[in-house]
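Q: structure, please.
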Amino acid sequence: MHDLRKKILLESGKTVSKKARSRPASLRASPNSSPTPSRGASRLNSRYASEEENNTDSDYENSLTNSVADSDDGNEPVAEWAEKLGDLIAELTDLQRKKSSAEGRTTCLSAYTHIIRHHYAEEELESKLERLITALLDSVRGDDDMEETLSAIKALSMTIISTGSEAFYDKIYQSLEALCQDSEEEALKVQAIEAMGIVTVCGGGSKDAAVKLLDFLVKIVEQDRPRARAARNGPVVSAALTAWGFVASNLDLEEFVTSGLDDPENQSGRVLHVFTEQLDSKDVDVQAAAGTNIALIFEAVREYEDTEEQSLDLQHVQHEIIERISALARESSKSVSIKDRKQLHTSFQSVLTSLEHGTGPRYSTARRMASNPHTGGNKTDFGEEYQEYGYREKIRFHNIRMVIDTWSLWTQVETLRSVLGAGLAVHYPDNPVVKDLLSSGQVEFVSAPKKKNRGRKGGK
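A: Numbering: from 1, shown residues only. Down below sits the predicted model:
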């Protein structure tokens, strides 16, 4: 299981377990080692919603299983989209591209990203990758047009997820880091931070590179202090918190390095303190992301303690955090919209349940009869046969359903949702990079959803 255990053990100075030593040594197993499912599957079944939509969880599941607003990309023959993709790559890598306009390059980048988001195109990209990455980085480094730079960063993230190439990590990461540090544009910082996480986990980043990025992200969060009224960059802090969770949840036990930390306990306390401070942020997304990372850390603590049979002695810290989140969950400030209050309540309640009961995200402790009372008998006949509803968060890819039962898996899904949108339904069956990221999820096959009648009511 990919999780935060490396970070926790790194900060607490613990050794590696025998169980951990049997695992692969790389940060992210090479996608080339995974069998590639049939490329035809996604073409026959895929449907997707607009990647710009901010769907709820149930809406998202529906968007992966039902067609949306005249979208036929999923059924487009391979020859057609592959030809379009080839033309776009040729245009992007044209040596005379500097003579084109920023608007034209932005349009080309967006079309390129759209195609590889909704079609698994590793085979089409492989032979053109070096020139393509160079062209995309030219657009990232250029400071003439913000929209072109944003589109290029998105294209880079999708290209790395589509190919899993590890050959360009240094060049890509350095460009993204420089952009994040130098740009004054909030949108560019947010997109660059997400892409830094993607390229580190999926594009060849080492264990040291991952730990370095985690520290970089914590420093971004540290600079934004809600209680000191220094909070000003909510979207950037939220992006940093989300990227931290994504990268941290991909670190394995055997990669822990216990040297180089003068005071491991203070290091661990520092990260929890920084995240706990952000629970007081005025930005709802920041509060939710901070809560998720706190739950992720304690999930790793529980697993470490179970594996090593040794306590990390964080009960006192956990109790304080539970009290703080409980108080925040009860707040009903009129300065927060009803929608945001509902989001915070759901998020904090999920974290509280996790901390108190040792569960993953969105676990319901509400109880129901284990047997069905509608099949006969009365309530007293069932005695104590009650069971909790359990995990309510599920994601569905056509006829495959996955239960999200760990915070580690939650962070993977949330980042993939952000990058792939509903194209995740296409990439999950075919793309070994995506399949590897979600490998800890337990899946079951279910009946394919019925297509909705898109005709008018009463129509024939």
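Q: tell me where the stretch 301-450 of the chain has strands.
A: 363-369, 386-391, 394-397, 400-403, 442-445 (DSSP state E, counting those that start in this stretch).
Q: and the ones you listed, which one's lowest on average pLDDT?
A: Sorting those by mean pLDDT places strand 386-391 lowest, at a mean of 68.
Q: what helices or strands is the host helix or strand of Ala289 leaning on?
A: Per DSSP states H and E: Ala289 is located in helix 284-308. Packing contacts for helix 284-308, counted by 3 or more CB pairs under 8 Å, 6 or more residues apart in numbering; DSSP states H and E, involve helix 5-12, helix 234-248, helix 264-277, helix 315-330, helix 338-357, helix 407-420. All C-beta atoms are positioned from the backbone trio N, CA, C, and that covers glycine.
Q: what about the stretch 301-450 of the chain, any weak spots by pLDDT?
A: Along the stretch 301-450 of the chain, segments meeting pLDDT under 70 span 332-335, 367-390, 448-450.
Q: how about the nearest residue to Lys128, chain neighbours excluded?
A: Using CB to CB, 6 or more residues apart in numbering and skipping residues adjacent in sequence, the residue nearest Lys128 is Ile89, 5.3 Å away.
Q: ditto for Phe348
A: Ala329 (4.1 Å).
Q: OK, contacts around the one you found?
A: With contact set as CB atoms under 8 Å, 6 or more residues apart in numbering, Ala329 has these partners: 344-345, 348-349, 352.
Q: what about His316, neighbour count?
A: His316: 8 surrounding residues under other CB atoms under 10 Å.
Q: returning to what we had before: tell me the one of the contacts of Ala329 nearest Arg392?
A: Nearest to Arg392 among these, counting by CB to CB, is Gln349 at 11.6 Å.
Q: which one is that closest one nearest to, not counting chain neighbours?
A: Ala329 is the one closest to Gln349 (CB to CB, 6+ apart), at 6.0 Å.
Q: against Arg302, how distant is the one you found?
A: As judged by CB to CB, to the nearest Å, Ala329 and Arg302 stand 21 Å apart.
Q: quick revisit: the residue nearest to Lys128 should be in a strand, yeah?
A: No. Applying DSSP: H, G, I helix; E, B strand; the rest coil, one finds Ile89 to be helix, outside a strand.
Q: I'd say it and Tyr112 touch.
A: Yes. Counting by CB atoms under 8 Å, Ile89 does reach Tyr112; the two are 6.9 Å apart.
Q: higher neighbour count, these two?
A: Tyr112 (27 against 22).
Q: OK, contacts around that one?
A: By CB under 8 Å, 6+ apart, the contact list for Tyr112 reads 85, 88-89, 92, 155.
Q: from the residues you listed, pick the one nearest Asn431.
A: Using CB to CB, the contacts of Tyr112 come closest to Asn431 at Leu85, 15.5 Å.
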